[in-house]
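Undergrad: let me see the structure of the following:
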Amino acid sequence: MQIRNYWVDIEDSSGNRLGRGPLRASNFRHNAQLSASGDFSFVVSGADPNLSALSEKRVAVCKYIDRSGDLQTFGSGVIDKITRVIEADGRLVVTVSGNDLVRELTNRNVGSLDLSGGGAGVSDAPDQIMAFAPAGWSINNGTTLTNVYAGYDGETVLSALIGAGEPIGEHWRLGSGRVIDWLGPASSFAASGVRAVQHVNDPVAAETADTIALITSFEEVSDAADLLSRVIPRGAGNGGAVLTLAAVTDSAPVGYTLNAAQNYVKRDASEVTYGRIERVLDFKNIGPISNTTADIQAAANMLLQASVEHLRKHGVPQKFYRVGLAKVGQMLQPGTTLRTVYRSLVDGTVVYDVDDTFIILEATREITETGIATTSVLISTIDRMPISDSDYLARQAMSARILAAHQQLGASVDTFTYRDELDDAKGASLRFWLGDEYTSIQRAILRFRIQPLRSTVKSVAGSSTTTSSGGGSTSGSGGGTSVASDGGGAHDHQVTSIPTAGSPSTLYVNGGNLYNASGIPKTFRTDMEPTGHTHNVTIPSHSHSTPNHTHDLTPNITMQYGIFEESGANTLVLANLIIKLNGGSDLIASVVDISNGWYALDITDLLTDAVFRPSQENNEITITTATAKTARIEAQITVRGVVQAVAYS
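TA: Predicted structure coming up:
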């Protein structure tokens, strides 16, 4: 592709041009990659007058004027390395290289970005991630076809962008300038419109055909990735306390089989063709963001998605080719497809016989004074880069970083101990709490034994003297009767006469005394019969009331301290008990004798829901009886589960 002119500007991270002018490079090469940071390099003379602008971490931007006279950007990148070499003829040549502009996305992190979507995941994960990118960056079509469920803790924007697309099989590439183009799944990649061929029948006609590119070299690239037919995935956590497929609610796509109980996913056709080839794969960046049922199910579904995606890319042998090209009429882009036809024979033996449509994973473009050309492409039958030994080591190092940065699941064993008494009037109560820190309950066991009732007082004795307090009542006294009394023998009565004017001889009784008319007391004698006599006295009806009152009482009580233990005959046995969890049915039939007087009851299924989380937080085991005996219950509840550290607001 012809151009009028090109040059290289040196800028700071804000886009301000530095130095006295542009550099006149002899060439500028840009290697663009799918869903990754590419690289660039250019060569400039050591005698260039603007060489002083070169410095590490500055940005090199190659611009050109196309045939229509419009200003275009060819490629740009962050300068990492400046190499000066003196040629044989004495000329100083400076080679500048580094990663393309995607490298700037490593200068920012996404903090504690939560893409859980309340347990449903989000479809705008690329948009949310790019919101943390440095100023000047943007994204096109930043939504995904498959929801992303993820959480981050200090990852760079670039790492988060890669991590969002990889588990769901969606891709992106660097666009023009500081722009990310989100491409979606490989099935939606656009065709480049170019056909790469080994030779043409009409070379003259091919010179003007922009849709035909000539293959100048063809090399197969090795791939160190293993072929698998079955994946046993493990998410966040360690050892046995890891996220598995147990809580999954999604179904495997057509051509794949999901076994959630045994925690594996298989690619059906691969297992038929190549046999059972399984691997345990760790996805430590996939785990529940919060300990809710929806989050655990979403994380399990994401683990399933990542497993299927891995089998799609590694379930059959893949081919990778590096193809040298000439006469390419346009700049080929990664994330497009290229029809490739190539056949090679050596001593009559076919080495390559290729006629297929491939995905462009990497495109190397170069600009020189003769124009712009795509000089080579890396193509494949699958939308992933070939894995080298160094790539494998890099991924292992990244896994260690994820393990350290992301909240991981951990095993937990909690033991609750109890001692309570019971009889036929009052039962024993064993209460315990299973909070939202539990991601799952693996096992819950009640162990108990039945002991005779005990007291710290062996006997009680005492004595006291009491009196009735009475009071507060009314009692009848009789009355309404005539009572006779003896009058005695003869006796005297003293009568005092008090004279009274006008009637001195008249006697008067006043106040029980006898007076004459003058008021002078008189005494006289009366003769009585020697025999006894009676007086009749009438007593009227009446009552007596006694007021409330108290008496002081001093007890005399004696206690004998020690251990009292009820007899075996008066102690309950297992058959007398009724055991219930949270008010449910009697569980006595499920109790197992584990020897030495101990019994065990497995309550795991009764405590957990469909995804093995606690059915409720507040729990109670009750032990009651209808038998008129007593007992002391000594018990332990052991809960083995998986917990996760969650930040609470």
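Undergrad: count the residues that sit near residue 12.
TA: Using other CB atoms under 10 Å as the criterion, residue 12 is surrounded by 12 other residues. Every C-beta, even on glycine, is put in place using the N, C-alpha and C of the backbone.
Undergrad: oops, could you answer that again for residue 164 instead?
TA: Close neighbours of residue 164, defined as other CB under 10 Å, add up to 23.
Undergrad: before we move on, what SS does it have?
TA: Assigned state for residue 164: helix (three-state reduction, DSSP: H, G, I helix; E, B strand; the rest coil).
Undergrad: list the contacts of it.
TA: Residues in contact with residue 164 (CB atoms under 8 Å, 6 or more residues apart in numbering) are 115, 125-126, 129, 144, 148, 150, 170.
Undergrad: per-residue pLDDT, it?
TA: Reported pLDDT at residue 164 in the predicted model: 94.
Undergrad: pairing partners for the longest strand seen in the chain, with directions?
TA: Of all segments of type strand in the chain, defined using DSSP state E, the longest is strand 349-368. In its sheet, strand 349-368 lies beside strand 25-33 (antiparallel), strand 336-346 (antiparallel), strand 371-380 (antiparallel), with partners assigned from DSSP bridges.
Undergrad: redo the ones you listed as JSON lines? Include distance to residue 617 and mean neighbour count.
TA: Formatted as JSON lines, the strands paired with strand 349-368 follow (distance: least, CB to CB, whole Å; neighbours: other CB atoms under 10 Å):
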{"stretch": "strand 25-33", "distance to residue 617": "50", "mean neighbour count": "21"}
{"stretch": "strand 336-346", "distance to residue 617": "54", "mean neighbour count": "16"}
{"stretch": "strand 371-380", "distance to residue 617": "51", "mean neighbour count": "22"}
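Undergrad: okay, helices next: where are they in the stretch 51-200 of the chain?
TA: Ranges of helices within the stretch 51-200 of the chain are 125-130, 157-165, based on DSSP state H, counting those that start in this stretch.
Undergrad: wait, which of those is closest to residue 549?
TA: Closest of these to residue 549 is helix 125-130, at 86.2 Å (criterion: CB to CB).
Undergrad: domain-wise, how is this protein divided?
TA: Structurally, the chain divides into domains by automatic domain parsing as follows: 3-100, 108-187, 189-223+318-380, 230-314, 409-456+566-644, 492-526.
Undergrad: save these as CSV, and put in distance to residue 559 too.
TA: As requested, the domains of the chain are exported to CSV (distance: least, CB to CB, whole Å):
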stretch, distance to residue 559
domain 3-100, 84
domain 108-187, 62
domain 189-223+318-380, 87
domain 230-314, 53
domain 409-456+566-644, 10
domain 492-526, 70
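Undergrad: ok, of those, where does mean pLDDT dip lowest?
TA: domain 492-526 - the lowest mean pLDDT of the domains of the chain, at a mean of 54.
Undergrad: if we can go back for a sec, buried sites along the longest strand of the chain?
TA: 354, 358-367 (16 or more other CB atoms under 10 Å).
Undergrad: which of those sit farthest apart?
TA: Distances among these were taken as CB to CB; the most separated pair is 354 and 367, at 28.9 Å.
Undergrad: got the contacts of residue 164 as a markdown table, with distance to residue 65 and neighbour count columns?
TA: A markdown table is the format used below for these (distance: CB to CB, whole Å; neighbours: other CB atoms under 10 Å):
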| residue | distance to residue 65 | neighbour count |
| --- | --- | --- |
| 115 | 43 | 22 |
| 125 | 38 | 28 |
| 126 | 33 | 24 |
| 129 | 35 | 29 |
| 144 | 38 | 22 |
| 148 | 41 | 24 |
| 150 | 43 | 27 |
| 170 | 36 | 24 |
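Undergrad: picking up where we left off before, quick one: the helices of the stretch 51-200 of the chain as CSV, columns for distance to residue 13 too.
TA: Converted to CSV, those look like this (distance: least, CB to CB, whole Å):
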stretch, distance to residue 13
helix 125-130, 17
helix 157-165, 14
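Undergrad: and of those helices, who's closest to residue 104?
TA: Across the helices of the stretch 51-200 of the chain, residue 104 has its closest neighbour in helix 157-165 (8.7 Å, CB to CB).
Undergrad: CA atoms of that closest one as CSV?
TA: Only the C-alpha atoms of helix 157-165 are listed here, as CSV (Å, rounded to 0.1, in the frame of the first residue of the first chain):
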residue,chain,number,x,y,z
VAL,A,157,-6.5,-3.0,33.6
LEU,A,158,-4.7,-5.2,31.0
SER,A,159,-4.9,-8.3,33.3
ALA,A,160,-8.5,-7.6,34.1
LEU,A,161,-9.4,-7.2,30.4
ILE,A,162,-7.7,-10.5,29.5
GLY,A,163,-9.3,-12.2,32.5
ALA,A,164,-12.7,-11.1,31.5
GLY,A,165,-12.5,-12.5,28.0
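Undergrad: what's the lengthiest helix in the chain packed up against?
TA: With DSSP state H setting the assignment, residue counts place helix 293-314 as the longest helix in the chain. Under the contact definition 3 or more CB pairs under 8 Å, 6 or more residues apart in numbering; DSSP states H and E, helix 293-314 sits against strand 230-234, strand 256-259, strand 264-267.
Undergrad: what residues of the next helix or strand after that helix count as buried?
TA: Scanning the chain past helix 293-314 towards its C-terminal end, the next helix or strand to appear is strand 320-326 (assignment: DSSP states H and E). Of the residues in strand 320-326, those buried under the neighbour-count criterion (16+ other CB under 10 Å) are 320-323, 325.
Undergrad: turn the residues you listed into a markdown table, columns for distance to residue 312.
TA: Shown next, in a markdown table, are these (distance: CB to CB, whole Å):
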| residue | distance to residue 312 |
| --- | --- |
| 320 | 16 |
| 321 | 20 |
| 322 | 23 |
| 323 | 24 |
| 325 | 28 |
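Undergrad: just the closest of the residues you listed to residue 423, please.
TA: For the buried residues of strand 320-326, the residue nearest residue 423 by CB to CB is residue 320; the value is 79.0 Å.
Undergrad: tally of neighbours for the nearest residue to that closest one once chain neighbours are set aside?
TA: Sequence neighbours aside, residue 221 is the residue nearest to residue 320 in space, at 4.0 Å (criterion: CB to CB, 6 or more residues apart in numbering). Other residues within reach of residue 221, judged by other CB under 10 Å, total 15.
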